[in-house]
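Chemist: predicted model follows, preceded by the sequence.
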Amino acid sequence: RRGTCLQPPAAAGGEWATLPFRRCRSGAAMSVESAKKRKTKVIRSDGGAAEKEARKGRGDGDQENKTYSEEAEVDTRDPAKDYDLYKETCEDLQRLMAEIHELKSKGGKDAAAEIDERRIQSCIHFMTLKKLNRLAHIRLKKGRDQTHEAKQKVDALHLQLQNLLYEVMHLQKEITKCLEFKSKHEEIDLVNVEEFYQDAPSDISKPDFTMNDPHQQTLSRLDWELEQRKRLAEKYKESLANKEKIVKDIEIKKEYLSSLQPRLNAIMQASLPVQEYLSMPFDQAHKQYEIARHLPPPLYVLYVQANSYGQACDKNLTVAIDGDVEEAKALSRPPEDSQDDESDSDAEEEQTTTKRRRPTLGLQQDDKRREMLKRHPLSITLDLKYKDGSVLHLYFYYLMSLNIVTVKTKVTTATEMSVAISAGDLLSPASLLSCLYPGDHGKKTPNPANQYQFDKVGILTFSDYIGDLGHPYVWVQKLGGLHFPKDQPQKCMLADNSLSASHMETTIKLLRVRLQSRLALQKQFASLEHSIVPISSECQHLFPVKIISRLIKWCAISYDDYVVLPYTKHVREADMAHETDLYFSALIERGTAKLHVAIVLNPGYSTIPPIFSICLNWKGEKSSRNDDNLKAMEGEVNVCFKELLGPKPGHQLLTNQIQRLCMCLDVYLETETHDSSVEGPKEFPREKMFLRLVRGPNRIKPFKYNHPQGFFTHR
């Protein structure tokens, strides 16, 4: 049946009105696009003539009601019933397909007509399924549209809600701003109400009107404040004008002073010869005072006290500051970050450019020692001038890490002196100031804390560095105001001015006496080495006119050489000989008799007298241990030394003692009995007067000389 179309059955009614036509068996169906375009269709029926007549009398509105629309039909149909229809249609299709299959399997003659009939019914059911499918899609679309409309309504309402919330938040902020608003008048420190009504005029205060109204009261107070500020502004302008006048006057005076400075400098330069002639170096003193600000505390105390003592008590004492002032300023200047950064960058550049070997432990220890023993860049110089033109130079240094002060010495004389060989240690820096105070030899540091510091860097004794650093005498620390207790170490001691002042005068006097005694000894040693015993005119009365015994030899010996001598044992046992003392040996002769003399010279000479030990080689070897007369001779010089001091300060004591030994040797030899068995003249004839040759059971000889009678007696 090619080309023929199926007509909808009457039972289907209007459901087939809008269904597209389908070709039977040929399979040529209408295009989908034409089916989609064809949305509605006019219902047609067999009674067309009657309907045409009726349609002519209706309007356009009635024509719209007679069009068929599936979208409108969806609203009238029940989805549940459509679902039941769908299930029934599916069951009928299953049944028809089974019957067709059964008829085809039997293959009867009448089977073809039945198969066509059932095929037609199946097509009708397919049409029903397609319609139900379209209705389901329309319902889905409507549901989506309704959902979209509902979502749009919800979004619109949500947007309105957000707008309302934003307006509420904005209003709350504005309310908060209004509540927190502070007027500028609140920052103004207004006068209190009582002063306002008391000082303000009535036309501004208006007490009748403002007493009960805080707002008007505040406005009136602000008006009063404005009036006061206007008056103060006028005063301020007047003060500024006065200030400008004063500033101009100051500038004029500054210009005058700046022009005066070169004139003053010229005057100071012109007055330098006058200052030197009058010994009033004001310019130099001013420069020294400026440098003194950069001294460490101990050296500053020493400088102030020494300078004050020199100005008040000793005009021959001069104090000066030496050293690198710029380096001292760098030490006192606090470190800056920029400098640290530059140093760090320089160090990094050096590391990147050059490869250095890692320092060994020994080099590190050496660096630590050098850092610990580092001196301050500035030092103090004290010059003690004497009447004969000699000068004692004292150089004081401060060791920053050890917190001690050291001193070096130097002696200059006005004329060149004949230096004796035995006087080599008299003016040496190592022994010149040794034991200025008893027991202060200056070989150990007086700060107990230094020993712990030495242990860290491997320093065994400080005496190894004295030659470079100087001697840390205790009196030097006291001059610097430092006092170190011996019971416990103190790492940091403050310089005390009172301590320095209490020791300054005594120390200066001791220094003067020390140098005078050493210079006197140096002159005496020069004569003694030439076998001349110098006796001053003031001491001539202590000795007879004629002394035959003579000094033959004079030399210096060491402490070890002194200890070896057997006739010095009693001095060593009495602990009267120390390594810090000076030792000398002398030989006195008369004929065949030789008197060996060992002398201990204390650094404190002539306050502390020398100690003599003698040994006589004549008719055997004799000493004070086996001969009472030799013991008496030692007593004459060691015990009765006060008779030999001479004029103060007693610098002639040593030569007077030697001369007395020569005199006593004459007495000893001349009072000896002559052996009658020996023929010939007497070896030592009696040339002196003796009241009595011997006395007592020990047969002591008369060694005391009586002036002006000129004879010898016993003590």
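Modeler: Cool, got the structure. Residues are numbered from 1 along each chain as shown.

Chemist: doesn't residue 445 lie inside a helix?
Modeler: No: assessed with DSSP: H, G, I helix; E, B strand; the rest coil, residue 445 is coil; it does not lie in a helix.

Chemist: pLDDT score for it?
Modeler: pLDDT, residue 445: 90.

Chemist: what segments of the chain are strands?
Modeler: 41-42, 67-68, 317-323, 378-385, 391-399, 404-412, 550-557, 582-590, 593-601, 611-617, 621-623, 689-690, 704-706, 711-713 (DSSP state E).

Chemist: quick one: buried residues of the fifth one?
Modeler: What that stands for is strand 391-399. 391-392, 394-399 (16 or more other Cβ atoms under 10 Å). Heads up, the C-betas are built off the backbone N, CA and C, glycines and all.

Chemist: repeat that for the fourth one.
Modeler: Buried residues in strand 378-385, counted by 16+ other Cβ under 10 Å: 378-385.

Chemist: quick one: that strand to strand 391-399, angle?
Modeler: 160 degrees (axes from the mean of the first three to the mean of the last three Cα atoms, to 10 degrees).

Chemist: which strands and helices lie in contact with strand 378-385?
Modeler: When contacts are defined as 3 or more Cβ pairs under 8 Å, 6 or more residues apart in numbering; DSSP states H and E, strand 378-385 packs onto helix 297-312, strand 317-323, strand 391-399, helix 497-528.

Chemist: any chance of those in JSON lines, plus distance to residue 640?
Modeler: As requested, those are arranged in JSON lines below (distance: least, Cβ to Cβ, whole Å):
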{"stretch": "helix 297-312", "distance to residue 640": "38"}
{"stretch": "strand 317-323", "distance to residue 640": "37"}
{"stretch": "strand 391-399", "distance to residue 640": "33"}
{"stretch": "helix 497-528", "distance to residue 640": "20"}
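
Chemist: wait, which of these is closest to residue 547?
Modeler: helix 497-528 (15.3 Å; Cβ to Cβ).

Chemist: other SSEs contacting that closest one?
Modeler: helix 297-312, strand 378-385, strand 391-399, helix 429-432, helix 474-479, strand 550-557, helix 653-670.

Chemist: how far away from the center of its chain is that helix?
Modeler: Remark: helix 497-528 is offset 43 Å from the chain centroid, using Cα atoms, centre = their mean, to the nearest Å.

Chemist: please apply the same query to stretch 615-625.
Modeler: Centroid separation between stretch 615-625 and its chain, computed with Cα atoms, centre = their mean, is 72 Å.

Chemist: got it, and stretch 543-551?
Modeler: With Cα atoms, centre = their mean, you get 73 Å for stretch 543-551.

Chemist: give me the contact list for that stretch.
Modeler: For stretch 543-551, contacts defined as Cβ atoms under 8 Å, 6 or more residues apart in numbering pick out 528, 531-533, 535, 586-590, 595, 658-663, 665-666, 669, 687-688, 705, 710.

Chemist: now the residues you listed: which count as buried?
Modeler: Counted by 16+ other Cβ under 10 Å, those give 528, 533, 535, 586-590, 595, 658-663, 665-666, 669, 688, 705 as buried.

Chemist: longest helix of the protein?
Modeler: For the chain, the longest helix by residue count, based on DSSP state H, is helix 111-180.

Chemist: show me what contacts the residue nearest to residue 554 when sequence neighbours are not counted?
Modeler: Leaving aside its sequence neighbours, residue 554 sits nearest to residue 528 (Cβ to Cβ, 6 or more residues apart in numbering; 3.9 Å). Contacts for residue 528 (Cβ under 8 Å, 6+ apart) come out as 420, 422, 551, 554, 586, 655, 658.

Chemist: which of the residues you listed sit farthest apart?
Modeler: Checking those with Cβ to Cβ, the most distant pair is 420 and 658, at 14.5 Å.

Chemist: what's the end-to-end length of stretch 531-540?
Modeler: Start to finish, the residues bounding stretch 531-540 are 18 Å apart (Cα to Cα, to the nearest Å).

Chemist: same thing with stretch 288-307?
Modeler: 11 Å.

Chemist: which parts of it are buried?
Modeler: Using 16+ other Cβ under 10 Å as the test for burial, stretch 288-307 gives 291-292, 294-307.

Chemist: what of stretch 690-702?
Modeler: 690, 693, 701-702.

Chemist: go through the residues you listed and say which is closest to residue 440.
Modeler: For these, the nearest to residue 440 is residue 701 (41.8 Å; Cβ to Cβ).

Chemist: most remote residue from the middle of the chain, which is it?
Modeler: residue 109 (126.1 Å; Cα atoms, centre = their mean).

Chemist: which non-adjacent residue is nearest residue 92?
Modeler: In this structure, residue 92 finds its nearest non-sequential neighbour in residue 125, 5.5 Å apart by Cβ to Cβ, 6+ apart.

Chemist: low-confidence regions, the stretch 251-400 of the chain specifically.
Modeler: Scanning the stretch 251-400 of the chain with the threshold set as pLDDT under 70 gives 275, 279-283, 334-362.

Chemist: and the stretch 101-250 of the chain, by the same measure?
Modeler: Using pLDDT under 70, nothing in the stretch 101-250 of the chain is flagged.

Chemist: let's see that with 90 instead.
Modeler: 102-118, 178-226 (pLDDT under 90).

Chemist: what residues sit buried inside stretch 108-119?
Modeler: Neighbour-count burial for stretch 108-119 [16+ other Cβ under 10 Å]: 115, 118.
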